[in-house]
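*Asks:* Quick one, fold the following:
(2 chains)
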Amino acid sequence: MAVLAIAAFVRSVFYLGYLSSELLRRKGRTILTLLGLALGVALVIVITSLSHGLDQAQKTALNPLSSIGTDLTVTVQPDGAGGAFANRTVSTDLSTLGKAGQHFSYDTFSSGSQTTFAQSQAKNVSSISGVTKIATGLTLTVTHQEGKVPKISTQITAGGQRLNVQGQTSPPTAAEMAKMASCLAKQEKSSSSSTTTTTTPSPQQGGSLTGGQGGPGQFGGSAAMRKCMPASMRRFSRTVTTKKQTITKNVKTPKTNIKTSTYTIGGVDTSRTDMGLITAAQVTKGRFLSKKNAREALVANSYASSHKLKLGSTLTIKKTKFRVVGLVQAPLGGQSADVYVPLTQLQTLSGQKKQINVVLVRAGKSSAVGTVQKKIESSFPTAQVASAKEEAAQISGSLVTASDLAKSLGLALSIIVIAMAIMLAALLTLSSIAKRVREIGTLRALGWSRRLVIRQIAAESLAQGIVGGAIGVVIGIAATAVINSFNLSLSASSKAAATTTGGGFRGFASNAQTATQSATSQVALHAPLAGSIILIGFALAVLGGLLAGATGALRAAQLRPADALRQVE
Amino acid sequence: MLAPPLYELRGATRSFRLGNSTIMAVDSMDVALDTEEFVALEGPSGSGKTTLLQLLGALDRPSSGKVFFEGRDLAALSDGELAELRLRSFGFIFQQFNLLTTLTAVQNVEAGLAPLGVSAGELRERSLAMLAEVGLRDRAFHLPSQMSGGEQQRVAIARALLAEPRVVLADEPTGNLDSKSGADVIALLTDLAARHGTTIIVATHDAGLAARAPRRLTMHDGRLVGDEKNGKKAKTTEKR
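*Replies:* Residues are numbered from 1 along each chain as shown, chains lettered A, B, ... in the order given. Here you go, the predicted model:
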């Protein structure tokens, strides 16, 4: 065998030399053909890789339900009156938070637009035929308030007013005057001073009082005088009533640092890992919740990065500490949440024991989904049953656009590119053969059989296809790598149920806040390079070139040698 | 048993349709040619010389009539058999040289023998020897574009003779050459033909060359109008 192979090679040396001479000495044409083929192959690789990448991104993002092992979600919309729990306003009663200056942290749970119902009702759903599995969940919105209890006080300054009171005292009687005179005389004797003057207090003078205090009057300074004055004059009393007035002062609203934030929390049925609000499949780091109903939490990647949470972090929900055991890529859609904790933990925290607000349903067959949906809807008239399709319809964003584009254009584009690449290669090969008809005639005149001529030209095309295809593969791989290095990300967002939470501060006027929740997921566009894509691209180039070469050669070889020789170059 | 003539044409006709009219490039020719002859084919342009050479070289099939080569009816042979015949029995020399432009002189010579399937070493050896015979050993690795017309035609002669064919068909081999190169080419051709025992049929305008040929055929409008052998009118159309 080896001898035969070597002999075959030795016999084919001339043809190989002819082939390489033909390709190397007609550089312009060869390069053009190679480039055409390479470009076609590269485009095929890039487009196929991109559409594969989009497909993958779409699978992770656009099919929120199937990723969590679910075909349908069953929720109950609040009726007009609303459940006791639904749409409850969040109010902060500062008086109950603690003393002024104390730090407080406060979590309020609300069910948003999904009314809670008894967990036992889920069993009714599971008994519907066609339903193979169900899982329950509770998705709530947590309004988290945190800050210091504000000090509310006001200062009212009183006093310091000046009051002027004027009045007349009754003049002293004659007896009193006499008594006073004798008293004064007595005092004068005992005193060292030789005052002889007898002063009679004049009612006009003595009646002048200043501030109720014995000012330095004419006799005010004399102790003797004071002693001898009749008691009625010594004790002047009068009741003065100042005008009654009400002091009104607006107290400035105290500065507080109360922060309100909302996030969604999902209570996960931890009894199974393959189906639920979140499943083990979405865990990107760490692990899934254990079945022990422990105080563990899973945090969505986006929420974790914006709140600087990582594995092992502690998350405090209503004063209960949860340990972050895993990060998850939360599926988009109405049932996505920022934080996931075991269902019973959430039920306890939110005071919703044995209550759920979503039942996830898996149908036995994908074809049965529609039937099961109708059955559930008719059995539970108040229930809202959403299929994966409907959930996906709620998702918008660049990913959807790109993926729609890829869907509608991808295949067509691939076919066009492939067709163009092959056509280009074929045209170049055919035109090159057309220019070589005389050469083919000459070869035939030299005694080359038709088969030999076709073999030679097809081999040239094959070689061009292999080289062009190889260049195309290299360009395609490089281009895909460049695209991947750009780290393009496509966003997909879901219009989640708008949850209205009112933050009413009792005692203070406050506006109700409307928080619209919308989950956005950034999906990195990664164009995976599959060996099969490369192989297919390469094979297309080789096959295209070979086909074109063989057809052209066949046509030229069909000519009578005489006719071929007549062709003018 | 009498050996059949090298060629025998019986009413050989080759016509081309050109629009509504039919052109008789070769019109009912009856002629017999013997081996080891040097045949000159004369006639003005368009008289059918090239078409006749192509019929003789199995590059074309007659529209009607028969062409026998060594007693075999060429029309009855398959394409593969004709290719084999062209390879082993016929050598062609063209006015335009028809060298393969991307190949070197030696590769061009090799192209005339490669389909025989000899080993690469033998093929190269024989080709170089043949090039030496036409005086171009030192030009073996030159491309046609690097050679003069005379040199190119000598490469073509080497290529035509490499397989040691029975017949060399040359279509105005000196038509594109100056008189000096032309004379050299003819001298080489006749010399080699004599040495290798090859019949040479040359279509030519050159009266001087034709005059040297022992057999002279003259064509006009596709018809054979003159046939001289050693200066005498040849009796070639023996009706059987």
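*Asks:* Can you point out the buried residues in stretch A:374-382?
*Replies:* For stretch A:374-382, the neighbour count (16 or more other CB atoms under 10 Å in any protein chain shown) marks A:K375, A:I376, A:F380 as buried. Where C-beta positions appear, they are placed from N, C-alpha and C, glycine not excepted.
*Asks:* Identify the residue nearest the second one in space, chain neighbours excluded?
*Replies:* Residue nearest to A:I376 in three dimensions, not counting chain neighbours: A:V385, with 4.9 Å by CB to CB, 6 or more residues apart in numbering or on different chains.
*Asks:* OK, contacts around the one you found?
*Replies:* Each residue near A:V385 by CB atoms under 8 Å, 6 or more residues apart in numbering or on different chains is listed here: A:L72, A:T73, A:V74, A:V361, A:Q373, A:I376, A:E377.
*Asks:* mind checking the SS state of it?
*Replies:* Three-state call for A:V385 (DSSP: H, G, I helix; E, B strand; the rest coil): strand.
*Asks:* who's in contact with B:E84?
*Replies:* Contacts for B:E84 (CB under 8 Å, 6+ apart) come out as A:G447, A:S449.
*Asks:* Pick out the residue in chain B sitting closest to chain A.
*Replies:* Going by CB to the nearest CB, chain A is nearest to B:L87 of chain B, at 2.4 Å.
*Asks:* What number of residues are in the vicinity of A:K123?
*Replies:* A count of neighbours around A:K123, defined by other CB atoms under 10 Å in any protein chain shown, yields 12.
*Asks:* Please apply the same query to B:D227.
*Replies:* Close neighbours of B:D227, defined as other CB under 10 Å, add up to 18.
*Asks:* Report the separation between the residue positioned nearest the centre of chain B and B:L77.
*Replies:* Residue closest to the average C-alpha location in chain B (CA atoms, centre = their mean): B:L169, at 0.5 Å. Using CB to CB, to the nearest Å, B:L169 is found at 17 Å from B:L77.
*Asks:* can you check A:S432 too?
*Replies:* As judged by CB to CB, A:S432 and B:L77 stand 31 Å apart.
*Asks:* Likewise for B:R124?
*Replies:* For B:R124, the distance to B:L77 (CB to CB) stands at 31 Å.
*Asks:* what mean pLDDT does the longest helix seen in chain B have?
*Replies:* As assigned by DSSP state H, the longest helix anywhere in chain B is helix B:179-196. The pLDDT scores in helix B:179-196 average 86.
*Asks:* Show me what the helix or strand following it packs onto, helices and strands only.
*Replies:* Next helix or strand after helix B:179-196 toward the C-terminus (DSSP states H and E): strand B:199-203. The contact analysis (3 or more CB pairs under 8 Å, 6 or more residues apart in numbering or on different chains; DSSP states H and E) places strand B:199-203 against strand B:38-42, helix B:49-56, strand B:167-171, helix B:179-196.
*Asks:* So which residues on chain B come close to chain A?
*Replies:* Residues of chain B found near chain A (CB under 8 Å from any CB of the partner chain) are B:51, B:54, B:57, B:59-61, B:79-80, B:83-88, B:90, B:92, B:94, B:98, B:100-104, B:107, B:110-112, B:114-115, B:117-121, B:123, B:143, B:159, B:163.
*Asks:* so of those residues, which ones are in strands?
*Replies:* Among those, the members found in strands (DSSP state E) are B:F90, B:F92.
*Asks:* Out of the residues of chain B next to chain A, which sit inside helices?
*Replies:* If you go by DSSP H, the residues of chain B next to chain A have B:51, B:54, B:79-80, B:83-88, B:107, B:110-111, B:120-121, B:123, B:159 in helices.
*Asks:* Report the buried members of those.
*Replies:* Buried, going by 16+ other CB under 10 Å: B:51, B:54, B:79, B:83-88, B:107, B:110-111, B:120, B:123, B:159, out of those.
*Asks:* still on that earlier bit, list the buried ones in the longest helix of chain B?
*Replies:* By neighbour count with 16+ other CB under 10 Å, helix B:179-196 contains the buried residues B:S181, B:G182, B:A183, B:D184, B:V185, B:I186, B:L188, B:L189, B:T190, B:L192, B:A193.
*Asks:* packing partners for it?
*Replies:* Applying 3+ CB pairs under 8 Å, 6+ apart, one finds that helix B:179-196 makes contact with helix B:149-161, strand B:167-171, strand B:199-203.
*Asks:* mind checking how far the residue of the stretch 351-500 of chain A found nearest chain B is from B:L85?
*Replies:* Per CB to the nearest CB, A:G447 is where the stretch 351-500 of chain A lies closest to chain B, at 2.4 Å. Separation of A:G447 from B:L85 (CB to CB): 8 Å.
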